[in-house]
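Peer 1: next come a sequence and a model predicted from it.
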Amino acid sequence: DYMHAQTDINEKMRAILIDWLIDVHLKFKLVPETMYLTVNIIDRFLSAKHVARKKLQLVGVTAMLIASKYEEIYAPEVKDFVYISDKAYSRDEILKMESLMLNTLGFNLTVPSALQFVGRFVKASGNGADKEFEMLSTYIVELMLQEYFMIKYLPSMVAASAVYLAQKILGRG
């Protein structure tokens, strides 16, 4: 529940940022894990540091840069993030924010995501070969990325709930 400490941003701004980052993610053709790590980095950073409204997009693109370096084989370069943010931030601003974010997070980037748990829970449910079931479970988890109120739940719980809901929707459990 970090948003009460943020005076210049709110839950709706976070949702808009993540919606835009999903578009960026698709444009760069990044792996799904990168998006989940990006959101995790944003939330952990915002819970530790006060961020001005005009710097929220900078936090977002920097989080995606960090996540890309961690998850991707061929990560987009800093200049790509300068371009995608319509040159609102310079290369130096992004690199300074990267340093601040990594130091704030103690360079701790290895975190579990709901996506990883969905894969395991789909197999455990006995529906591992069912692509429709797996895609619906993954879609439900993806919907939760934008929802601020969902960050209070563990990734494993979000994934378990998504798999359960997919079973009910498809009449498989």
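Peer 2: Ah, there it is. Computed from a prediction, not measured in an experiment: that's the story for all the values here. Numbering: from 1, shown residues only.
Peer 1: point out where this structure drops to low pLDDT.
Peer 2: For the chain, the stretches with pLDDT under 70 are 173.
Peer 1: pick out the residue closest to the middle of the protein.
Peer 2: Nearest to the mean C-alpha position of the chain, by Cα atoms, centre = their mean, lies Val39 at 2.5 Å.
Peer 1: pretty sure that one contacts Asp19?
Peer 2: No. Assessed by Cβ atoms under 8 Å, Val39 is found out of contact with Asp19, at 11.2 Å. Heads up, the C-betas are built off the backbone N, CA and C, glycines and all.
Peer 1: any idea how far Ala48 is from His4?
Peer 2: Distance of Ala48 to His4, computed by Cβ to Cβ, to the nearest Å: 14 Å.
Peer 1: among those two, which residue is more densely surrounded?
Peer 2: Taking neighbours as other Cβ atoms under 10 Å, Ala48 and His4 compare with Ala48 leading, 14 against 7.
Peer 1: once you drop chain neighbours, what's closest to the more buried one?
Peer 2: Nearest residue to Ala48, sequence neighbours excluded (Cβ to Cβ, 6 or more residues apart in numbering): Thr104, at 5.1 Å.
Peer 1: OK, contacts around the one you found?
Peer 2: Under the criterion of Cβ atoms under 8 Å, 6 or more residues apart in numbering, the neighbours of Thr104 are Phe45, Ala48, Lys49.
Peer 1: could you single out the nearest of these to Val61?
Peer 2: Using Cβ to Cβ, Phe45 comes nearest to Val61 of the contacts of Thr104, at 12.5 Å.
Peer 1: so which bits of the helix or strand containing that closest one are buried?
Peer 2: Element membership for Phe45, per DSSP states H and E: helix 32-48. Using 16 or more other Cβ atoms under 10 Å as the test for burial, helix 32-48 gives 34-46.
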